[in-house]
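[1] have a look; sequence and predicted model below, questions after that.
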Amino acid sequence: QEGQPTFDRIENVAIPDSTAQLSALRSGRAQMSFGLTTQDALTVTGGTSQFEIQQTGQTVYPLVLETRKGVFTNKTARQAVGYALDRDRINKQVLGGLGKVTGLYWLPGTEGYPTDLENRYTRDPEKARQLIQQAGATGAAVPITFINNPVLQAEYEIIANNLTEIGLKPSPVPLP
């Protein structure tokens, strides 16, 4: 539009390492970053007006289970994951406490929000371990695919720890 800023180009480069993202921001090679951990983002915003954190809201970091083949064809094994996940730890460590912990995709107040399903699964590793045993899934391999950015990498590490704790064997499958 006439009178509006113009761009010669927009270049979108995936930088999966948080330290490299910070370096790119500080050097001016990047003007925007997505996927920095909260702690890293705060290092470039503290005490300066050069950068600011935009809280976009309603960003969802889902964990999707493969139910057509493998261990999660068994409903009991899927339920075990619900009890295994430490959502509060993910929120605190990965999102700096800025997230809304829920087991659903929707925010409360959304039309049709299923309040009967809200927080259906709370962290109970012992119950999760028993369900994995009941499902005959102890020791099952669980590949976890995620986009390779620092936030999702940090989330994966907590989830992998939770699943290992209940007797599963997770492995990372990072996507560029």
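    All right, it came through fine. Numbers count the residues shown, from 1 in each chain.
[2] in the helix or strand bottoming out on mean pLDDT in the chain, what's buried?
    Among the helices and strands of the chain, helix 38-45 carries the lowest confidence by mean pLDDT, DSSP states H and E, at a mean of 75. By neighbour count on 16 or more other Cβ atoms under 10 Å, the buried set for helix 38-45 is 38, 40, 41, 44. (Each C-beta comes from the backbone N, C-alpha and C, glycine too.)
[3] packing partners of it?
    Counting contacts by 3 or more Cβ pairs under 8 Å, 6 or more residues apart in numbering; DSSP states H and E, helix 38-45 is packed against helix 18-27.
[4] just the mean pLDDT for the helix it packs on, thanks.
    Mean pLDDT, taken over the full extent of helix 18-27, equals 86.
[5] quick one, that helix and helix 38-45 angle?
    Interaxial angle of helix 18-27 relative to helix 38-45 (axes from the mean of the first three to the mean of the last three Cα atoms, to 10 degrees): 20 degrees.
[6] mind starting the numbering at 56 from now?
    That works, and once the first residue is 56, the last one we named lands at helix 73-82.
[7] residues in contact with helix 73-82?
    Contacting residues not belonging to helix 73-82 are listed as 70, 84-86, 88, 90-92, 95, 98-99, 106, 205 [Cβ atoms under 8 Å, 6 or more residues apart in numbering].
[8] redo that, cut-off 7 Å
    Here helix 73-82 makes contact (Cβ atoms under 7 Å, 6 or more residues apart in numbering) with 70, 85, 88, 91, 92, 95, 98, 99, 106, 205.
[9] CA atoms of it as PDB?
    The C-alpha coordinates for helix 73-82 follow below in PDB (Å, rounded to 0.1, in the frame of the first residue of the first chain):
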ATOM      1  CA  SER A  73      18.200 -21.200  21.600                       C
ATOM      2  CA  THR A  74      21.700 -19.800  22.000                       C
ATOM      3  CA  ALA A  75      22.000 -19.400  18.200                       C
ATOM      4  CA  GLN A  76      18.600 -17.600  18.100                       C
ATOM      5  CA  LEU A  77      19.800 -15.200  20.800                       C
ATOM      6  CA  SER A  78      23.000 -14.500  18.900                       C
ATOM      7  CA  ALA A  79      21.000 -13.900  15.700                       C
ATOM      8  CA  LEU A  80      18.800 -11.400  17.500                       C
ATOM      9  CA  ARG A  81      21.600  -9.600  19.300                       C
ATOM     10  CA  SER A  82      23.700  -9.300  16.100                       C
END
